[in-house]
Each structure stands twice: as structure tokens, then as C-alpha cells.
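Enquirer: Return a 3D structure for these sequence lines:
(one chain, ligands or ions: 3)
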Amino acid sequence: MASKEIFIAVIGAGGVGKAFLSQLEGLSKRLSANASSPKLSLILVSRSTKTLYSPQYKALPFLNLATSLADSTNKPLSLTEIIDFLAAAPAKVVLVDNTSSQDVADSYPQVLSRGISIVTPNKKAFSGSYKLWQDIFSSAASSGAKVYHESSVGAGLPVISTLKDLVETGDEVTRIEGVFSGTMSFLFNSFAPTEGSGGKWSAEVKKAKELGYTEPDPRDDLNGLDVARKLTILARLAGLQVESPTSFPVQSLIPKALESVGSGEEFMQRLPEFDSEMEETKAAAEKEGKVVRFVGSIDVAKKEVKVGLEKFDRSHPIAALKGSDNIISFYTKRYGANALIIQGAGAGGDVTAMGVTADLIKVLGQL
Ligand SMILES: NC(=O)C1=CN([C@@H]2O[C@H](COP(=O)(O)OP(=O)(O)OC[C@H]3O[C@@H](n4cnc5c(N)ncnc54)[C@H](OP(=O)(O)O)[C@@H]3O)[C@@H](O)[C@H]2O)C=CC1
Ligand SMILES: N[C@@H](CC=O)C(=O)O
Ligand code: NA
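Expert: Ligands and ions are numbered 1, 2, ... in the order given. Down below sits the predicted model:
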């Protein structure tokens, strides 16, 4: 018996998107060795100005995909045209959104209501308005389409799945706290290390961008909003009706004088002028024998969420993190005073794509 075909469409082919496409190629090969597994056919790949697809729904070859996409002479499809194309496909479709686009995120209810499943590391849909959150899950429930977003918090670390398991098995989550940003972790671990003097703030920001840890515009990390988005998602999963990532206190590390700068490039060029501001923050913590770190917390009982800088003893597990590591502690009724702790790389193309690919595997098992 021929195996069932499932179509995959990928929007976004940047750091995470490219790593995902490479993992998809491996997954597709592994599944093809087993006659009872579905056959995966990649039918569309798009970037902001390019779309590669076969109007006849023929599988695109993985070989030289990035070059084929760059050289594609297809007229780029609008989001509406992509959704129409996928909804008319003669098999089930999974849309993989590897962008950070709000427009793509806003389309999820429409995508799901047309029976197209979604997997994504994009935080914008799940941390947008509470109405969007409700629309996403009600559209999925009525059409039967699936929606998974593990990499929207802690990249590939099993943060969302763990929280869902805690809640769905009847545990009571009382507090969630930790370091939720790979970029902020990398910046503070290298700018204010527990030993040695550390690099210049602006130079570390540049490195974090080059390593693929930052959002497409690093100001989205430095203004605290990326962490606020993640906490909004976790708070909602823990049962709080958080209206938006700006509905609780969020500390921004954008220098006041650069708040109105237009482009990300100009911001990066001018950031070195303000290195002394962060040096002062670092020195203030050092005077107390401490280091400064960017953290977040959710107090479920008090319904309080906050994001910002705090000082830690050098021996504290948060101070001792390395590289882009996140550390996320779940305090619950069952786990008592000893939190359930998840730690590891919280940013980077490969580890983020791992969470996306693992979500895709979960969806495939349900189609
Ligand atoms: N990087 C990381 O470590 C992590 C990232 N994430 C999330 O993963 C997502 C992707 O991040 P990353 O790969 O680093 O970002 P990149 O900037 O490297 O890539 C984004 C990609 O999305 C494309 N894109 C943007 N808007 C649209 C649109 N409207 N239609 C089609 N394509 C679009 C861009 O097109 P073009 O190539 O033409 O510019 C680019 O290919 C983000 O949501 C991010 O928050 C989550 C966890 C960790
Ligand atoms: N920019 C984000 C990427 C992952 O969510 C981060 O640094 O954590
Ligand atoms: Na995760």
C-alpha cells in the first residue's frame, strides 16, 4: 500500500528556516525508509520577496533549495494566495512559519480554520492580543487542524510541553521564573562574567546577532519585549488571562537617546556611544559583590508578571549560566519547594529548528 502523502509549506528561510529545511530533509529520508510512515512533500518555500512552489503540488527537491529559492522567477505569492494554494491541496498540509512576522501570525485563525496545521517558533501569535490567542485555539478545535509552538519559548528546550503536561495532569503551577532569552543570557554571561572582566556591551550585542541568537531586529531583544512575549505565552498556559506583553512591567535596555532611531542598522552603529551606561549598571552590582542578569517571573497566585534586571550572587545558578543558556524553574504544588528546572541553549538556528521539527513529528502522528 502506498504511504499517505503529507504536504509541508515553509514560510521564512533565515537562520531557523534554513536549519529547519535541513532537518526536514533528514526526517523525510528517514520516514521514506518505512513503508507505514507518511511521505513528506515540500510544496512551498517562501521568503519576504520570493516564493518557490509547484502549482501542481509536486515535491520540491531539497538539493540546492536555498539557491533555487533565491533564483526563483515565480511571482511571489501574497499571504492570502499562499493560504488559498494550501487550502486547495489534494492532501493534508502543515504550514511551518519560521518568520517573526505579525501578519503571518495574525493569519493563523484563518489558516487553521481551513484545515491547515501549523508548527512555528514565532511568538507573535501566542503573545498577541488575548482575542487572537482564543481565535487560534477555537479555530483549531473546530477544524481539527493542529497547532504547536514549542520553540516560541526556550527554543528547542521542552518548556511549553512540560508546562502543558503539568497543567493537563492537574498540578498547580504557582510560580515560573528564570532566564528566558538566549541573547540576554549570552550578553550578560560575556559582558559581566562571574570571573574576569568581560567584553564591551555593544561588541557583545554585535556578536549575539552574528551568532543568530537575536531577533531579526536586536532591539526586540534589548527592549525586553522578546522575554515579555515568552512570559505572556507561559502565563496564559498557566491559566492567567494576560492581555498583552505590554500589560505588565518590562525593563528596556535601549538607551533613551536611541529610542527614536529608525533603522536597526543605525541603532547598531550608534550603540557603542552608550557602552558607559551598561558599564555603570555592571559596576553597581560589582560593588555588592554581585553580577547583573536579565530575568523574568510569573507569580500565578498574585497574577503578577515582570521582566528586567536583577543582581545575583556569583554562585547563584542564574549567574553561573554559560553561552546562550536559558534556565526555567517551575514551582508547583506537586514539586513543592524543589522546582522542576529546565536548562540549556535557548537560542540558535539548530536548537530552535529541533523544537520545530519535533513539533512537526507530533503533528504527523495525528493527521
Ligand atoms: N534565532 C533563534 O535563536 C530563535 C528564533 N526564534 C524565532 O524564530 C523565528 C525566525 O527567527 P530567525 O530565523 O532567527 O530570523 P531571520 O531573520 O534569520 O529569518 C526570518 C525569515 O523570515 C522571512 N520573512 C519575514 N517576514 C516574512 C513574510 N511576511 N513572508 C515571508 N517570509 C518572511 C525572512 O525573509 P528574507 O530572507 O527575505 O529576509 C527570513 O527568511 C522568529 O519568529 C524568532 O523569534 C525562536 C527561538 C529562537
Ligand atoms: N531572540 C531570542 C530567540 C529565541 O527565542 C532569544 O535570544 O532568546
Ligand atoms: Na521550547
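Enquirer: Which residues belonging to the lowest-mean-pLDDT helix or strand in the chain are considered buried?
Expert: Of all helical and strand segments in the chain, the minimum by mean pLDDT, DSSP states H and E falls on helix 65-71, at a mean of 89. Buried residues in helix 65-71, defined by neighbour count with 16 or more other Cβ atoms under 10 Å: 65, 69. Where C-beta positions appear, they are placed from N, C-alpha and C, glycine not excepted.
Enquirer: packing partners for that helix?
Expert: Secondary-structure packing of helix 65-71 (3 or more Cβ pairs under 8 Å, 6 or more residues apart in numbering; DSSP states H and E): helix 15-32, strand 39-46, strand 51-53.
Enquirer: now these as CSV including distance to residue 214, mean neighbour count and mean pLDDT?
Expert: Shown next, in CSV, are those (distance: least, Cβ to Cβ, whole Å; neighbours: other Cβ atoms under 10 Å; pLDDT from 0 to 100):
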stretch, distance to residue 214, mean neighbour count, mean pLDDT
helix 15-32, 10, 19, 97
strand 39-46, 22, 22, 96
strand 51-53, 26, 21, 94
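Enquirer: so which of those gets nearest residue 110?
Expert: Closest of the helices and strands packed on helix 65-71 to residue 110 is strand 39-46, at 16.5 Å (criterion: Cβ to Cβ).
Enquirer: Beyond the least confident helix or strand of the chain, next helix or strand please.
Expert: Later in the chain than helix 65-71, the nearest helix or strand by DSSP states H and E is helix 79-87.
Enquirer: does any bit of that following helix sit next to ligand 1?
Expert: No. Helix 79-87 stays clear of ligand 1 (Cβ under 6 Å from any ligand atom), getting no nearer than 6.9 Å.
Enquirer: Now that helix: buried residues?
Expert: For helix 79-87, by 16+ other Cβ under 10 Å, it's 79, 82, 83, 85, 86.
Enquirer: out of those residues, who's nearest ligand 2?
Expert: Comparing the buried residues of helix 79-87 against ligand 2 with Cβ to the nearest ligand atom places residue 79 closest, at 22.7 Å.
Enquirer: What number of residues are in the vicinity of the nearest residue to the closest one once chain neighbours are set aside?
Expert: Nearest residue to residue 79 in three dimensions, chain neighbours excluded: residue 107, at 5.7 Å (Cβ to Cβ, 6 or more residues apart in numbering). Residue 107: 20 surrounding residues under other Cβ atoms under 10 Å.
Enquirer: what residues does this protein put near ligand 2?
Expert: Counting by Cβ under 6 Å from any ligand atom, the chain sits next to ligand 2 at 155, 181, 182, 183, 213, 214, 215, 221, 226, 346, 347.
Enquirer: where does the stretch 251-367 of the chain have low pLDDT?
Expert: Within the stretch 251-367 of the chain, no stretch has pLDDT under 70.
Enquirer: Of all the helices and strands packed on helix 65-71, which one comes closest to residue 307?
Expert: Ranking these by distance to residue 307, with Cβ to Cβ as the measure, places helix 15-32 first at 22.8 Å.
Enquirer: Make a markdown table from the helices and strands packed on helix 65-71 and add distance to residue 196 to it.
Expert: As requested, the helices and strands packed on helix 65-71 are arranged in a markdown table below (distance: least, Cβ to Cβ, whole Å):
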| stretch | distance to residue 196 |
| --- | --- |
| helix 15-32 | 29 |
| strand 39-46 | 44 |
| strand 51-53 | 47 |
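Enquirer: so which of the residues of the chain next to ligand 2 are also by ligand 3?
Expert: Among these, no residue is within reach of ligand 3 (Cβ under 5 Å from the ion).
Enquirer: Go through these and name the one nearest ligand 3.
Expert: Closest approach between those and ligand 3, by Cβ to the ion: residue 155, at 5.7 Å.
Enquirer: tally of neighbours for the residue in the chain that ligand 2 sits nearest to?
Expert: In the chain, the residue that lies nearest ligand 2 is residue 183 (3.2 Å; Cβ to the nearest ligand atom). Neighbourhood size, residue 183 [other Cβ under 10 Å]: 26.
Enquirer: Residue 173 now?
Expert: 24.
Enquirer: One more: the one 4 residues further on?
Expert: Neighbour count for residue 177, taken as other Cβ under 10 Å: 19.
Enquirer: hang on, the residue nearest to residue 79 packs against residue 83?
Expert: Yes. Here residue 107 reaches residue 83: they are 6.5 Å apart, a contact under Cβ atoms under 8 Å.
Enquirer: that older thread, what about the helices and strands packed on helix 65-71, which gets the closest to ligand 1?
Expert: Ligand 1 lies closest, by Cβ to the nearest ligand atom, to one member of these: helix 15-32, at 3.4 Å.
Enquirer: Quick check: which helices or strands does that closest one pack against?
Expert: Using 3+ Cβ pairs under 8 Å, 6+ apart, helix 15-32 is in contact with strand 5-11, strand 39-46, helix 65-71, helix 349-364.
Enquirer: hmm, who's touching it?
Expert: With Cβ atoms under 8 Å, 6 or more residues apart in numbering as the test, helix 15-32 has contacts from 8, 10, 13, 37-40, 42, 45, 62, 65-66, 96, 98-99, 121, 151, 212, 348-350, 352-354, 356-357, 360-361.
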